[in-house]
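J.: what's the 3D shape of this:
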Amino acid sequence: MVPNYICTRKLQDLLISRDREVRDSLRGFPFSVPEKLYEGIDSLPGLIDKGDEQKIKTMPGFKLPDDLVLSAKDSVLFNSNQDLWLRYDSLHSTFLKLERENYNRKLKQHFRDSIWENYQEKSLNAFSDSVLNAVRLSVEEQNKKRVAAYNDSMIHFINDSIHQTLKMLNRYAANDSVLISLQNANNTVAQLWLKNDTVQQTRLHIQNLQQDSVNVIIENIDNRSLRLLIDDAVIFNRFSEKTRIDAQELAIPVYPTLYKIEDIKIRFSPWKFGVNSSIGFTQTYLSNWAKGGESALSTLSEVKGYVNYVKRKTKWKSYIQLRHGLVGRIEEKDDGGRRMTLQKNDDLFEISSRFGKSAFKEWYYSTELNFKTQLFKGYNYPNDTVPISAFMAPGYLTFSIGLDYNPNKDLSLFLSPLTSKTTFICDTANINPTQYGLKEGTTSLWEPGFITKINYRKDLMEGVEFETTGSLFINYKDPFRKFDFDLESLLSFKVNHRINAKISTHLIYDDDVKFPVYDEEGEQIGNEPKWQFKELFVIGFNYSLKY
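T.: I've put the predicted structure just below:
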C-alpha cells in the first residue's frame, strides 16, 4: 500500500544482486595474507623428514625411472663392481632426495593455497556483509521515511475528510428545516417550513363557535421559532343580519348565443435550426522597433450551422462547419517599399450527422457519418510553391455504429466498436500520398477500428463558455501501435451582444501523417509521426441565429 516501499522479498533480491556485484568486482583482487597464518608450515603432518627418503616410495603414483630400476643381472654386476654400485647408490639417493623435496614443496604450496583461498573467501564475506548491512540499514531507513510520509498523508487525508464531512453536516444542520401544520376549527390546514435564512409566510383564519374569524399571518423566524401576526382583515359576523333575497328578485341575464371556448394546445416543433458565425482579427504594426519583429495582420472566420431533430426516443443531430484563417505579413522590399504576403494558418470543412434511437436510460443506439477536409491549398512556409495539402488531399470519411451516452444537452459520449475510416488523396500529382500513410501510387486508405468521441460544454460563469471535442481512433490492423488522437478546446468570453473573445487549442496525433526527421548535420534521415499543436487567440464579431 505504501508507494516505493521495499518489501522483504524485494530486499532479499536486492541484497543478492548487490552481493553478486561486490564479489564480481573483487574477484581476483590480490589480498595480502598475514604471515602469522603460515606459522607451522614446516611442521605440517605428512612432510617427509630428511633421511626418510625411502618413504617417498610408498606415496601413491611414485615410480622410479627405468634407469634406476635394477635387474638381477645389474645387481650381480653392481655388487661385483664397487665403483658402479657407489655411482648407482649416489644417483638413487639424489633422485629420492629431489623427489622428497618436490613432494614437501607441493604439500606446503597446497597448504599456502588453501590458507589464501580461505582468507580471500573470509575477506570477501566480511566486505560483502558490511556492504549488505549498509544497504539493509539504508533500505530500512528509507522504508521508515516512506511509511511515516504515507501515514502523515493518510492522517491528513482522513482529517481533511472529517473536516469536509463536519462542514457538510454543519451546513446541513444550519439548513435543516421542520414542516409544521396548523389547523383551525373548520379543519383548514396551513403548513409552514421552519428554516434558517429563508422567510416564509402563510395565512390561516382562526374562528370561534360564533364564526368570528381573525386572519392570522404565520411567519417563520428560524428553524426553531415562528411569529404570529393578526392581519388587518378582521371579520366579525356575530351582530350582522343575514340578507334574504327572494327568488323572483334574481335577474339572470339571458344570452342569445354562447360561444364555445376551445382548448389551445401548444405544440413544440421537434426541429431546431441554428447558425453561428464569427470573424476575428489580430493586428501588429512595427516601425523602427529596436527590439525587432514583423508587422502582421491575421483573421479567423468561422461559420457553423446545425439541424437537430429530437422527438420521444429519436435523436438526429447534424452540423456543418467552415473555418478559415489568414496571416498577412508586411515585409520590407529591396527598393524601400512594403509588401504584404498572405499565409494560411487554419482551414477546415467538416460535415457530420449522427442518428440515434433510445436503447436504455440515457444510452442510444447510434450511427454517425463524418466527412472532413480543407478547402484551399496549404504550404510549408516560407516555401509557397510546393503544396502539402489541398481539397480532398487529404480527405477523411468516417462511418461508425455504436452507443451514444447523452444524459443532458451538454454532454455526449459516443463509443463505436464498428468504425470505418477512409483517407483520400485525390491530387497525387501535387500531394505526396506517403506523408499521409498511403502507399505510393494509391489514392485511398481504408482502416477499420474502434472510435471514442466526447463533446462537452459548460457555462463557467455569465458570459464565459467552455467547449471541448475529442476523439480517439484505434486501428484494428495494428491496435498496439497505430492510433489517432484529436482534442480541440474552446474558451469563449462574451464582451457584449456582438463582440466576443476566443481562446482555442488543438492537439492532434495521427500515426499516418509523417514529418521529416533530420540528423545533426541537417540531412533528412526518415519520416515519423509527431504530436501537432495549435493555439489561437481571437477577438472579433459574432452573430447567431436560432429557430
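J.: And the helices in this structure?
T.: Ranges of helices within the chain are 8-26, 72-80, 82-174, based on DSSP state H.
J.: Which of the ones you listed comes out lowest on mean pLDDT?
T.: Sorting these by mean pLDDT places helix 72-80 lowest, at a mean of 64.
J.: Quick check: Glu53 touching Glu101?
T.: No. Between Glu53 and Glu101 there is no contact under CB atoms under 8 Å: 9.5 Å. Where you see a C-beta, it was placed from the backbone N, CA and C, and this is true even at glycine.
J.: Which one's more surrounded, these two?
T.: A side-by-side neighbour count of Glu53 and Glu101, using other CB atoms under 10 Å, places Glu53 first with 20 against 14.
J.: where does that one land on pLDDT?
T.: As predicted, Glu53 sits at a pLDDT of 73.
J.: How about the contacts made by it?
T.: Going by CB atoms under 8 Å, 6 or more residues apart in numbering, Glu53 touches 93, 96-97, 99-100.
J.: Over to Trp531?
T.: Neighbouring residues of Trp531 by CB under 8 Å, 6+ apart: 507-509.
J.: go again using 7 Å as the cut-off
T.: 507, 509 (CB atoms under 7 Å, 6 or more residues apart in numbering).
J.: re the thing from before, so which of the helices of the chain gets nearest Leu413?
T.: helix 82-174 (29.0 Å; CB to CB).
J.: Asp49: which of the helices of the chain is closest?
T.: helix 82-174 (8.7 Å).
J.: Give me the angle between that closest one and helix 8-26.
T.: Orientation of helix 82-174 against helix 8-26 (axes from the mean of the first three to the mean of the last three CA atoms, to 10 degrees) gives an angle of 140 degrees.
J.: for helix 82-174, packing partners?
T.: helix 8-26, helix 72-80 (3 or more CB pairs under 7 Å, 6 or more residues apart in numbering; DSSP states H and E).
J.: So what touches the lengthiest strand in the chain?
T.: When the chain is parsed with DSSP state E, its longest strand is strand 338-360. Contacting residues not belonging to strand 338-360 are listed as 298, 300, 313-333, 364-376, 378, 381, 403-404 [CB under 7 Å, 6+ apart].
J.: number of nearby residues for the nearest residue to Leu375 once chain neighbours are set aside?
T.: Once flanking residues are discounted, Leu375 sits nearest to Phe349: 5.2 Å by CB to CB, 6 or more residues apart in numbering. As a burial measure, Phe349 scores 18 neighbours (other CB under 10 Å).
J.: Please apply the same query to Thr299.
T.: For Thr299, the number of neighbouring residues by other CB under 10 Å comes to 19.
J.: Surely it is in contact with Gln283?
T.: No. Under the criterion of CB atoms under 7 Å, Thr299 is not in contact with Gln283, lying 9.5 Å apart.
J.: quick one on the thing from earlier: any chance of the helices of the chain in TSV with distance to Arg481 as columns?
T.: Below are these laid out as TSV (distance: least, CB to CB, whole Å):
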stretch	distance to Arg481
helix 8-26	32
helix 72-80	91
helix 82-174	37
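J.: Which of those sits closest to Asn184?
T.: helix 82-174 (32.2 Å).
J.: distance between that closest one and the chain's centre?
T.: Its chain's C-alpha centre and that of helix 82-174 lie 43 Å apart, by CA atoms, centre = their mean, to the nearest Å.
J.: where does Phe376 land on pLDDT?
T.: The model's pLDDT for Phe376 equals 89.
J.: Can you name the residues that contact it?
T.: Applying CB under 7 Å, 6+ apart, we find Phe376 in contact with 344, 347.
J.: now swap in the one 5 residues further on and tell me
T.: For Tyr381, the contacting residues are Gln343, taking CB under 7 Å, 6+ apart as the criterion.
J.: do Leu415 as well
T.: Contacts of Leu415 (CB under 7 Å, 6+ apart): 402-403, 452.
J.: Out of the residues you listed, who's the most crowded?
T.: Using other CB under 10 Å as the neighbour criterion, Gly402 leads the contacts of Leu415 with 20 neighbours.
J.: For stretch 205-216, buried residues please.
T.: 205-207, 213-214, 216 (16 or more other CB atoms under 10 Å).
J.: which among the residues you listed gets closest to Asp486?
T.: Distances from Asp486 to the buried residues of stretch 205-216, taken by CB to CB, are shortest for Val216, at 66.8 Å.
J.: my guess is the closest one contacts Leu228, does it?
T.: Yes. With contact defined as CB under 7 Å, Val216 and Leu228 form a contacting pair (5.7 Å).
J.: Give me the contacts around stretch 113-130.
T.: With CB under 7 Å, 6+ apart as the test, stretch 113-130 has contacts from 19, 22-23, 26, 31, 33, 37-38.
J.: on that earlier part again, just the buried members of the contacts of strand 338-360?
T.: By 16+ other CB under 10 Å, these give 298, 300, 315-327, 329, 364, 366-368, 370-374, 378, 403-404 as buried.
J.: For this protein, name the helix or strand with the lowest mean pLDDT.
T.: helix 72-80 (a mean of 64; mean pLDDT, DSSP states H and E).
J.: Could you break the chain into its assigned domains?
T.: As given by automatic domain parsing, the domain ranges for the chain are 8-168, 178-235, 311-317+346-546.
J.: tell me the most buried of these?
T.: domain 311-317+346-546 (a mean of 15; mean count of other CB atoms under 10 Å).
J.: mind checking the end-to-end distance for that one?
T.: 18 Å (CA to CA, to the nearest Å).
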